[in-house]
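# next come a sequence and a model predicted from it.
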Amino acid sequence: MYHKTKKRWFLLSLTGLLLAALLLGGCSQSSGSIIEGGSSTVQPLADKWSKAFEAQNPQIKITVQGGGSSAGVKGCAQGVLDIGAASRELKSSETSQWPDLVVTHVAADGVAIVVHPSNNTADLTLEEVRNIFATGSNATWTVINREEGSGTREVFEKKVMAGTEVAAGGEFLPSNGAVKQKVASTPSAIGYISLGYVDASVKALSIGGIVCTKANCVGGSYPVTRYLNFITNGKPKGLAKKFIDFCLSTEGQKIVDQEGYISLK
Amino acid sequence: MSRYFIDRISKRGVFTLAMVAFLILVFVAVFMLRESLPALSKIGLGNILLGVKWYPSHDSFGILTMVAGSLVVTLLALAMAVPLAIGCAIFLAEVAPPRIRRITRPAVELLVGIPSVVYGLVGMIVLCPLIARFSGIGSGSSVLAAAIVLAIMVLPTITSISEDSIRAVPAQYKEGALALGATPWQTIRHVILPAAHRGIIAAIVLGTGRAIGETMAMVMVIGNSPVFPTNLFAPARTLTGNIAVEIAAATGLHESALFTTGLVLFIVIMIINSFGLIAYRRAK
């Protein structure tokens, strides 16, 4: 019996050693993989980029995660992510907490104000949108917001709300996809999502007569636009740089256009 | 040597395991308190607990609306689930023929195992549009949708534990009552249910715990508006939902305030459990 226990301990410690060796081995091999994550706006684009990149570089594995822009910034700063994705610029609180973070614009995007396809409204002024979101849900509108910390919400607050608070009486959903689903299934709904997510299930409103299209976003006439960013801890280097360079290449930017976002070229 | 040695080892072993379980609880509590400290010292417990405005980017961190949201949704869910569950338990334990019980009992138990995100999905796709059509306003994300989904989720927990406790009532009680001329319903009502009292209370307490801690399904059907749950057909927000929706994106004071939300939830659940325990001890 006693010997059996001893043998068991021996086996246990052996397993532990093996595990440790595996982990250490895994670390030294990390040159073959990078983890990208954050903004749910960037996620579909990053998915396509990583597939195209992996097809060219089969020895490199790219993992794409969601989580939201702030999670992308935080994850990158804390070393959990090699590349953080954010659909907004860094906040002053973030640059002061993590001064080493470097932002690279990888694409541009418009934030479309969307309603249910059956809604007769086709155009609102910026001020009307602001009033609707400052009032919250009522008999006419069901207001769908993004959660605090969302990059899309931040851009919306800055460019549309201009300091006015969004009403607590609206709904708050945690992703572009969730907002789109809710707007698509609610006749009275109004929400805001990335241009890349707009399809036939929702109707994008024109703002002051300007339709949310790529051309209008590029020309600067559509008011709610932003850059999509990759964030690295220090200047991009190694595999992260290789991947970001690919995203910025002609081929990478072609994918941006295919996915409904706005290329930088 | 061997048999006594094993005895000694196993005693120590189970003691250690018990201590580990306890230490994990202590560790979680200490960790949450530590992470909450910045918010508690900079914002103040009073402002967090009694504040009615939640707008972290504008430095408003009140969670009273969500405390109310969690409590109201849980109470509504229990009001729907408890009568149903006890009725179901009585049927399964006392009335149902064995053939039916063989099918329904595993079915009820299977309900416990369905992940909450599935309940949330069904609630979001089926229940919310129904409620929207019925109320004629909004998207259907509402206190009512949340309460119904929660009621369905806690139903199997309360049912199966109540059924077990009804079954555990000694057969002599039932036989005695029936021999005295009581009808089966009189037996259930005046003999079996009072005897199974404690187990049923325990079942309700467990159900309450599950209800108030439920997160994913709530986030999907309640609309997450940080307002008081004053209207059945309007959205609200629960404490759990507040953490789940925002923690990924939170930094600094906002993050700390979310840990405080967790701490408050922890304390609310402890209070509910203590009430349950008192009720359980009082019942004989």
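Done, it's in.
# for chain B, what spans make up the strands?
For chain B, applying DSSP state E gives strands covering B:54-55, B:60-61.
# for chain A, which of those strands is the nearest?
The minimum distance between chain A and those falls on strand B:54-55, with 6.1 Å, by Cβ to the nearest Cβ. Every residue, glycine included, has its C-beta placed from N, CA and C.
# how far does the closest one sit from the chain's center?
Put simply, strand B:54-55 sits 26 Å off its chain's centre (Cα atoms, centre = their mean, to the nearest Å).
# next one: stretch A:183-196
Using Cα atoms, centre = their mean, the offset of stretch A:183-196 from its chain centre is 18 Å.
# can you mark which positions in it are buried?
Using 16 or more other Cβ atoms under 10 Å in any protein chain shown as the test for burial, stretch A:183-196 gives A:183-186, A:188-196.
# so who does residue 229 touch?
Answering for chain A, as no chain was given. Taking Cβ atoms under 8 Å, 6 or more residues apart in numbering or on different chains as the criterion, A:Asn229 is in contact with A:Ala85, A:Ala86, A:Ser87, A:Arg88, A:Glu89, A:Val103, A:Thr104, A:His105, A:Val106.
# not quite, go with chain B.
Contact analysis of B:Pro229 by Cβ under 8 Å, 6+ apart lists B:Thr65, B:Ala68, B:Gly69, B:Val72, B:Val73, B:Val143, B:Ala236.
# turn these into a markdown table, including distance to chain A.
Formatted as a markdown table, the contacts of B:Pro229 follow (distance: Cβ to the nearest Cβ, whole Å):
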| residue | distance to chain A |
| --- | --- |
| B:Thr65 | 8 |
| B:Ala68 | 13 |
| B:Gly69 | 12 |
| B:Val72 | 16 |
| B:Val73 | 16 |
| B:Val143 | 13 |
| B:Ala236 | 10 |
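# that older thread, show me which of the contacts of A:Asn229 are buried.
Among the contacts of A:Asn229, those classed as buried by 16+ other Cβ under 10 Å are A:Ala85, A:Ala86, A:Ser87, A:Arg88, A:Glu89, A:Val103, A:Thr104, A:Val106.
# looking at those residues, which are in strands?
Among these, the residues falling in strands (DSSP E) are A:Ala85, A:Ala86, A:Val103, A:Thr104, A:Val106.
# which one of those is nearest chain B?
Closest to chain B out of these is A:Ala86 (10.4 Å), distances taken as Cβ to the nearest Cβ.
# enumerate the residues of chain A near chain B.
Proximity of chain A to chain B, by Cβ under 8 Å from any Cβ of the partner chain, involves residues A:1-2, A:5, A:67-71, A:73-74, A:93-94, A:97, A:136-137, A:139, A:142, A:144, A:147-150, A:154, A:157, A:165, A:168-174, A:181-182, A:185-186, A:188-189.
# give me the nearest residue to the closest residue to chain A within the stretch 151-284 of chain B, chain neighbours excluded.
Relative to chain A, the nearest point of the stretch 151-284 of chain B is B:Ala249 (2.3 Å; Cβ to the nearest Cβ). Spatially, and ignoring its direct neighbours in sequence, B:Ala249 is nearest to A:Gly149 (2.3 Å; Cβ to Cβ, 6 or more residues apart in numbering or on different chains).
# and what of A:Thr232?
Counting by Cβ to Cβ, 6+ apart, A:Thr232 lies nearest to A:Val102, which is 5.2 Å off, once chain neighbours are set aside.
# now do the contacts for the one you found.
Contact analysis of A:Val102 by Cβ under 8 Å, 6+ apart lists A:Ile231, A:Thr232, A:Asn233, A:Gly234, A:Lys235, A:Pro236.
# contacts only, for B:Asp164.
If you count contacts by Cβ under 8 Å, 6+ apart, B:Asp164 has them with B:Gly199.
# return the distance of the residue nearest to A:Thr232 relative to A:Lys237.
Between A:Val102 and A:Lys237 the distance, using Cβ to Cβ, to the nearest Å, works out to 10 Å.
# count residues in the vicinity of B:Ser274, would you?
Neighbour count for B:Ser274, taken as other Cβ atoms under 10 Å in any protein chain shown: 11.
# what separates it from A:Phe53, distance-wise?
Computed as Cβ to Cβ, the B:Ser274 to A:Phe53 distance reads 56 Å.
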